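**Student:** what's the 3D shape of this:
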Amino acid sequence: MYRLFALIAFFCCLNVQAQFLQAENAQIAEGASNDTERKSLRLGAQKDSVAPIIDYKIISIRKDTIVVDTALSVKKFYTFNYLRKDEFGLLPFNNEGQVYNVLKFNTKVNQSLPDFGFQARQVGYLQVEDIKYYHVPTPYTDLYYKSVMKQGQNLDAFITMNTSENFNFSIAYKGLRSIGKYINQLTSSGNFRLGTSYHSPNKRYLMRSHFTIQDIKNEENGGIRDLDLFESSVKPYNKRERLNVFFRDASTMLKGKRFYWNHEYQLNKSVANGLLLTHVFMYEDKFYEFTQANILNPEYDQTPRFGNAFQSSISNKTRYANVYNRIGAAYQSDLLGRFEFFTEFNRYEYNYKSIAHIGDQVIPDAINRSITLLGGKYSYNKDNWKAGLLVSRSLGNDDTSTIKADIRYKLADNIGLVISYQNLSKLGNLSYYLYQSDYVAYNWRNDFKNEKINQFDATLNTPWVTLSGSYAVLNDKLYFSNDSTAEYSEFGIPSQVLVSPKQYGNTINYFSLQAAKDFKLGKFGLDNTVLYQNVDQSDNIVNVPSFVTRNTLHFTDAFFDKALKFQTGITFKYFTEYYGDDYNPLLGDFYVQDKVKIGNYPVFDFFINMKVRTARIYLILEHFNSGMTGYKYYSAPNTPYRDMTFRFGLVWNFFS
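**Tutor:** Numbering: from 1, shown residues only. Next up, the predicted model:
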């Protein structure tokens, strides 16, 4: 896979002639909704020898449109990470490319159909909505590099070009390898994607398609055993490879490939008004595998951490394949908006190699199901109003349903209001219903009721502050929890972890309010994001901190006749104590626990960012206060957060 990356990078270099855009661009988002089109406009654009930067467009599958942004800003700095997006509300584990714990609960889901499961491991797996499409006047290249923990690197190379006004293709590869600071913690992943888009000269036919191959491999150590040695961090335990871990030979692999094709054709000649035929096709297959050479380390364990097993070594592999078709017809009008009616056909297979017999219980080898849904969509976009409505319901006994609505109103050029609502009756992830393992306790076949989600969201964008709020009512929520009655350590860590799925019979009410504002005074600025959350529930099922904040004090200037843009500052991150979910690598997912609280520790990062033409260079000293404020910082109950680490990297764009 790394040879493939090198080939792509070499190809990118052959297509650039050291021509750079001299002007910066500014991106203006009109709102937070993804269901209606957004446009980013360039203010004060300068002439360029290549092309105006406003012509380099990035388009999502929902037809949201922005322009390429090469500005040096705090907002762009927040996206300089493995996920290439703002991580606010996520708590990373200590090695790059591992899982993320949740600080901000997100009930916003895209569909009522079931997903594969193993959700924690899928955070770095690019979904359909993560793939972008492009329209560029000249070839556009994006090169990303960032150093990692100890040995390795994180690289992402991308190039796109229009062979004609109508046809665009893009190719990209992201590769990661990081050995980490703890025993058995190596991460290695590759994300290859190939995308195309086309519209006919008369614009009656539109097509967007992509193909992806992805593999995410992680060594899994299960966290550290001796938390007192970590919290003291006296020599030699300040060298993290000296700390003992639960697993020294366990690893996981998530691998998949996907082909996606979305196209539509207008029957009449008028593009603005008329009838259209629409079709979406997707095929995806993937698997999740957990392997472990020895279930027991006799030097430290009396019993296996995941309970008794059928054999001394573990090799569990869960396979999944999904074929999806959506066929529809639409009518669009300048006056009335767009109406669309569609039928969805979804066929999935979730399987193992054999049927399992656990005592008197028979665990089947597969779930094979076809689901058909009928639905309709409406969208309106005129003057200062944008609105959307989606309604769908399954046929048969699955009883899944979706209602989504959003309204956006633009009060002025820089003031906008977005209100949205969703009501879902959805099937849970398939790993809740069926799982087989060589570990005896990790075998089940369940019949759960549909999860119900009822949620309101609102976002107000103004020049003074951006406010967003959410209120959700959850019923029949599915979750994982530990069934073990084994003893706990003085730090609340169980000696045995026997996790199984549950369904919560009571109602959960969730409320959040988030405010964001960047204050400017000359060359200084203070960027603030503050989140408040409250959960009303009888038991600790949805666990999040009440308060999360991120504040960045920054200084920005330019030198050498403004050829070098310079920015430096300090970022402060903090969240209150809460019962953070724990991670189970066997399931590739988090499970609920109410024994150990994490949080209530400050994190300070120091950074220097520079920009020369279209190259942005980043120097970061992460968590530089780690040795000053005490070693009681965790990402999960027995998984430490990151120590002080110096990292550097760059993002370089080419236009040629």
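**Student:** which residue is the nearest non-sequential neighbour of Thr549?
**Tutor:** Nearest non-adjacent residue to Thr549, counting by Cβ to Cβ, 6 or more residues apart in numbering: Val530, 4.9 Å away. Placement of C-beta: from N, CA and C, glycine included.
**Student:** now do Tyr125
**Tutor:** For Tyr125, the closest residue by Cβ to Cβ, 6+ apart turns out to be Gln214, at 5.7 Å.
**Student:** in this structure the one you found contacts Arg121, no?
**Tutor:** No. Gln214 is beyond contact range of Arg121, at 11.3 Å (criterion: Cβ atoms under 8 Å).
**Student:** could you pull out the residues contacting both of those two?
**Tutor:** Taking Cβ atoms under 8 Å, 6 or more residues apart in numbering as the contact rule, Gln214 and Arg121 both touch Leu254.
**Student:** hang on, the earlier thing: give the next helix or strand downstream of the helix or strand the residue nearest to Thr549 falls within.
**Tutor:** Using DSSP states H and E, the element containing Val530 is strand 524-536. Under the assignment DSSP H and E, the closest C-terminal helix or strand after strand 524-536 is strand 547-559.
**Student:** and that following strand, what other elements does it pack with?
**Tutor:** For strand 547-559, the elements it packs on are strand 524-536, strand 564-575, judged by 3 or more Cβ pairs under 8 Å, 6 or more residues apart in numbering; DSSP states H and E.
**Student:** what pairs with that strand, and is each one parallel or antiparallel?
**Tutor:** strand 524-536 (antiparallel), strand 564-575 (antiparallel) (DSSP bridges).
**Student:** chain center to stretch 160-174: distance?
**Tutor:** 24 Å (Cα atoms, centre = their mean, to the nearest Å).
**Student:** and that stretch, end to end?
**Tutor:** This stretch, stretch 160-174, spans 15 Å end to end (Cα to Cα, to the nearest Å).
**Student:** and that stretch, which residues are buried?
**Tutor:** For stretch 160-174, the neighbour count (16 or more other Cβ atoms under 10 Å) marks 160-162, 168-174 as buried.
**Student:** average pLDDT for that stretch, rounded please.
**Tutor:** Across stretch 160-174, pLDDT averages out at 96.
**Student:** so what touches it?
**Tutor:** Taking Cβ under 8 Å, 6+ apart as the rule, stretch 160-174 contacts 1, 4-5, 8, 11, 15, 133-140, 144, 154-159, 189-201.
**Student:** Ser232: what's it in contact with?
**Tutor:** Tyr631.
**Student:** next one: phi and psi at it?
**Tutor:** Torsion angles at Ser232 (phi, psi; degrees, to the nearest 10) stand at phi -80, psi -40.
**Student:** do Arg240 as well
**Tutor:** According to degrees, to the nearest 10, Arg240 has phi -70, psi -20.
**Student:** which ones are touching the residue lying closest to Leu478 once chain neighbours are set aside?
**Tutor:** Closest residue in space to Leu478, ignoring its immediate chain neighbours: Gly428 at 4.2 Å, by Cβ to Cβ, 6+ apart. Taking Cβ under 8 Å, 6+ apart, we find Gly428 in contact with 114, 448, 450-451, 478.
**Student:** so which of those are in strands?
**Tutor:** Counted as lying in strands by DSSP state E, out of these, are 451, 478.
**Student:** reformat the contacts of Gly428 as JSON lines; add pLDDT and neighbour count.
**Tutor:** Below are these laid out as JSON lines (pLDDT from 0 to 100; neighbours: other Cβ atoms under 10 Å):
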{"residue": "Pro114", "pLDDT": "90", "neighbour count": "24"}
{"residue": "Phe448", "pLDDT": "95", "neighbour count": "14"}
{"residue": "Asn450", "pLDDT": "95", "neighbour count": "20"}
{"residue": "Glu451", "pLDDT": "95", "neighbour count": "23"}
{"residue": "Leu478", "pLDDT": "96", "neighbour count": "21"}
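**Student:** got a markdown table for the contacts of Gly428, with distance to Gly359 too?
**Tutor:** Output for these, formatted as a markdown table (distance: Cβ to Cβ, whole Å):
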| residue | distance to Gly359 |
| --- | --- |
| Pro114 | 28 |
| Phe448 | 22 |
| Asn450 | 29 |
| Glu451 | 29 |
| Leu478 | 24 |
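**Student:** re earlier: mind checking the backbone torsions on the residue nearest to Leu478?
**Tutor:** Here is the backbone geometry of Gly428 (degrees, to the nearest 10): phi -80, psi 170.
**Student:** distance check, it against Ser112.
**Tutor:** Going from Gly428 to Ser112 by Cβ to Cβ, to the nearest Å gives 11 Å.
**Student:** now for the buried residues of stretch 160-174: which two are most distant?
**Tutor:** Pairwise distances across those peak at 22.8 Å for Asn162 and Lys174 (criterion: Cβ to Cβ).
**Student:** if we can go back for a sec, which members of the contacts of stretch 160-174 are classed as buried?
**Tutor:** 1, 5, 8, 133-140, 144, 154-159, 189-199.
**Student:** contacting residues for the residue most central in space within the chain?
**Tutor:** Centroid-nearest residue in the chain: Val123, 4.7 Å away (criterion: Cα atoms, centre = their mean). By Cβ under 8 Å, 6+ apart, Val123 lies in contact with 83, 90, 99-100.
**Student:** which element is Tyr471 on?
**Tutor:** Using DSSP H and E, Tyr471 falls in strand 466-475.
**Student:** against which helices or strands is that strand packed?
**Tutor:** By 3+ Cβ pairs under 8 Å, 6+ apart, strand 466-475 packs against strand 451-461, strand 508-521.
**Student:** reformat those as a markdown table; add distance to Tyr641.
**Tutor:** Formatted as a markdown table, these follow (distance: least, Cβ to Cβ, whole Å):
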| stretch | distance to Tyr641 |
| --- | --- |
| strand 451-461 | 30 |
| strand 508-521 | 22 |
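**Student:** pick the most deeply packed of the ones you listed.
**Tutor:** Of all the helices and strands packed on strand 466-475, strand 451-461 carries the top mean neighbour count, a mean of 19, counting by mean count of other Cβ atoms under 10 Å.
**Student:** tell me what that strand is packed against?
**Tutor:** Applying 3+ Cβ pairs under 8 Å, 6+ apart, one finds that strand 451-461 contacts strand 415-426, strand 466-475.
**Student:** okay, the ones you listed in a markdown table with mean pLDDT next?
**Tutor:** Compiled in a markdown table, those are given as follows (pLDDT from 0 to 100):
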| stretch | mean pLDDT |
| --- | --- |
| strand 415-426 | 95 |
| strand 466-475 | 96 |
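**Student:** ok, back up a step: show me which residues of the strand holding Val530 are buried.
**Tutor:** Quick answer for strand 524-536 (16+ other Cβ under 10 Å): 525, 527-529, 531, 533, 535.
**Student:** so which of those comes closest to Ala516?
**Tutor:** Nearest to Ala516, judged by Cβ to Cβ, of those is Thr529 at 4.6 Å.
**Student:** now the element after the helix or strand of the chain with the lowest mean pLDDT, going C-ward?
**Tutor:** Scoring the helices and strands of the chain by mean pLDDT, DSSP states H and E places helix 2-14 at the bottom, with a mean of 41. Using DSSP H and E, the helix or strand that follows helix 2-14 in sequence is strand 57-59.
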